[in-house]
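# Sequence below, structure please.
(chains A and B)
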Amino acid sequence: MAHNITDSFDSYDPIDQDINNEPMILQMGPSHPATHGTVRFTLTLEGEKVLKCETEVGYLHRGFEKECEAATWTQVFPYTDRLNYVSPLLNNFGYALAVEKLLGIEVPDRCNWIRTLMGEISRLSDHLTSIGAGALELNAMTAFLYAIEGRELVWDLIEQVTGARLTVSYGRVGGLKDDLPEGFAENWKYVRARLIEIHAYTNKLLTRNRVFVDRMAGTGVISPEMAISYGYTGPMLRSTGVDYDVRKDHPYFKYGEVDFDVPVGSSGDNFDRYLVRMEELVQSIRIIDQCLERMKPGPINTDDPRVMLPNKERVYNSIEGMIAHFKIVFEGLQVPPGEVYSYTEAGNGELGFYIVSNGTGKPWKIHVRSPSLIMMGGVHKLFEGGLLSDIIPTFDTVNMIGGECDK
Amino acid sequence: MAKKLIDFVQKKFASEVLHTHSRLGNDTVTVKRDKLVEIVRELRDDPSTQMDYLRTITAVDYLPRQPRFELVYVLYSMKHKHMLILRVMLEDSDAVAPSLHTLYGTAGWQEREVWDMYGIRFSGHPDLRRVLLYEEFEGHPLRKDYLKQASQPRVELLARERDSVEEFNIYVNDRPSSGSRDQ
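Below you'll find the model as predicted:
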């Protein structure tokens, strides 16, 4: 601007100068069309600038942790599907890993490969949704349609493996529901080719798009120190330049054996978060390729009789088999007393389970460290000082998932 | 690496440590409540530990055992990649713990969740409100004596709508900044 606007007001009578000084209160949400997920922001605005933001979550609270305490260890799986419902497989496996740690059992090699593979497929759907919805809310309908097409393809694959698209319940303590179906590798080849096309289209449509970059770059900025202090993980943290990724730093399943890179940003703004997610799509495809290449046929379930149902022949033909079956189904798995904190990398960041067992068939406590809930505790730091319109892209790249956030 | 953190706490705060173990790869120290803030600050600031990331805060209700509650803090260091679990025992009649909101940005928010679910108070917390449930909720649902099927009284609607001046006072003037704000 050529001249400072306030200078020209000096000659005016000061009586009217305070007229705009009182901030305005705006209730945004809980059901706002541009914020997917029910969360309410009480914003204090000065003009269009956000001075203060009060976050209120919990509109989707279903008592996940209380329900888990009344279910057997196996019955918790359907509940974990409903935490981050865009990538339920990652929640399934994260929970299974926690219980297996407490039980002290190892799962067979093939199970670990499939968990790595299906987890990454789930991550694809998570990131595609985040990028697509983010573009949509900045009016980029075409990019959204491509991303959703990619997600549909991914969900078709998930449907072939698990039998469901969204609420999969595919994980089991000590193994999996089922092996991969026939012809999975060929189907993946088809999906893979299309996903790479979609990735290229999205890149073309968004990455150098003037409107998109103007809305994303330099908005919703957070510094690495602040991000760590507020417990940010996942793409949010990596966009600030911190290369913390549970898959790399504390490998679980087969992540230690596959080759992949952890993309990091530098400025911690919305655009970097978009770029990190775009690159993670490529890395996930790399991991999936390696899994399919190196996977060997073999058993997918552990043979530990404490957690596995006996085969049907034994159940129908021997009294011991029937009793074992009955006890696992009705009393639940007998997990030795103790507590463990186990953590995995989910779509939005570190998904931790702090579980406590008192030695019975039901969990004494299951606490889930859901990345979304913790990120919502610091989301005002991203909003304050910015414009009201910046909340839309920022809230998209935070990618808060209601089910996970509100438990 | 293993046990290093436990030794660190034991050396610096010998009189505070009640119990340690490292079962299942989780190094765990049970400490007394009173010096919790000092211990965590030391763990955060000492160059050999640098636990700059508070993974989670939660509580466990061990009814009917006494002391009934156990607070669990999971600390992690981004630089050294090590983790330590701190536990604090709390009596039912005196379920108060010092707040860590001055040390970690996320602490205030997570303490609100613990208060919401377990009814454990945090002294010094600037804004201890419920976070997932609504203000009028009676009881704390993750306590073991809260029945899963328990119902809640009906909440009456406000008799009249608040005007903007009242809202302004409620949401801005009268309300202290939210727990995770003080950094």
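
# low-confidence ranges in chain B?
Along chain B, the parts satisfying pLDDT under 70 run over B:1-2, B:164, B:171-183.

# Residue in it with the shortest distance to chain A?
Chain B approaches chain A most closely through B:Trp109 (2.9 Å), counting by C-beta to the nearest C-beta. To be clear about C-beta, it is placed using only N, CA and C from the backbone, and glycine gets the same treatment.

# Not counting its neighbours along the chain, what's nearest that residue?
A:Gly377 (2.9 Å; C-beta to C-beta, 6 or more residues apart in numbering or on different chains).

# Just read off the phi/psi values of that neighbour.
phi -70, psi -20 (degrees, to the nearest 10).

# need the contact list for it.
A:Thr55, A:Tyr230, A:Gly231, B:Gly105, B:Thr106, B:Gly108, B:Trp109, B:Gln110, B:Ser180 (C-beta atoms under 8 Å, 6 or more residues apart in numbering or on different chains).

# quick one on the thing from earlier: what is the subsequent helix or strand relative to the helix or strand hosting the residue of chain B closest to chain A?
Element membership for B:Trp109 (DSSP states H and E) is helix B:107-118. Next helix or strand after helix B:107-118 toward the C-terminus (DSSP H and E): strand B:121-123.

# before we move on, the earlier item: unless I'm mixing things up, the residue of chain B closest to chain A is touching B:Arg130, no?
No. B:Trp109 is beyond contact range of B:Arg130, at 11.9 Å (criterion: C-beta atoms under 8 Å).

# is it true that A:Ser357 touches A:Ile366?
No. Between A:Ser357 and A:Ile366 there is no contact under C-beta under 8 Å: 9.7 Å.

# Are there helices or strands packed against the helix holding B:Trp109, and which ones?
On a contact count with 3 or more C-beta pairs under 8 Å, 6 or more residues apart in numbering or on different chains; DSSP states H and E, helix B:107-118 meets helix A:371-376, strand B:53-61, strand B:121-123.

# by how many degrees do that helix and strand B:53-61 diverge?
Put simply, helix B:107-118 runs at 20 degrees to strand B:53-61, going by axes from the mean of the first three to the mean of the last three C-alpha atoms, to 10 degrees.

# thinking again about what came up before, of A:Ser357 and A:Ile366, give the one with the bigger neighbour count.
A:Ile366 (26 against 23; other C-beta atoms under 10 Å in any protein chain shown).

# if we can go back for a sec, please say which of B:Trp109 and B:Arg130 ends up with more neighbours.
A direct count of neighbours by other C-beta under 10 Å for B:Trp109 and B:Arg130 places B:Trp109 higher, at 28 against 17.

# A:Val50 - nearest residue in space that isn't next to it in sequence?
The shortest distance from A:Val50 to any non-neighbouring residue, by C-beta to C-beta, 6+ apart, is to A:Phe383 (5.0 Å).

# who's in contact with B:Leu90?
So B:Leu90 contacts B:Arg33, B:Pro67, B:Arg68, B:Phe69, B:Glu70, B:Leu71, B:Val96, B:Ala97, B:Ile120 (C-beta under 8 Å, 6+ apart).

# same question, A:Gly402
A:Gly402 makes contacts with A:Gly37, A:Thr38, A:Val39, A:Tyr59, A:Leu60, as judged by C-beta under 8 Å, 6+ apart.

# which one among these gets closest to A:Leu90?
Using C-beta to C-beta, A:Gly37 is the member of these that lies nearest A:Leu90, at 18.1 Å.

# quick one: that closest one and A:Leu89, what's the gap?
20 Å (C-beta to C-beta, to the nearest Å).

# what do you get for B:Val17?
On the measure of C-beta to C-beta, B:Val17 and A:Leu89 end up 41 Å apart.

# so where do the strands sit in chain B?
Taking DSSP state E as the test, the strands found in chain B are B:17-21, B:28-31, B:53-61, B:69-76, B:83-90, B:96-98, B:121-123.

# now the angle between strand B:69-76 and the fifth one, please.
This points to strand B:83-90. 160 degrees.

# Direction included, what does strand B:83-90 pair against?
On the basis of DSSP bridges, the sheet neighbours of strand B:83-90 come out as strand B:28-31 (parallel), strand B:69-76 (antiparallel).
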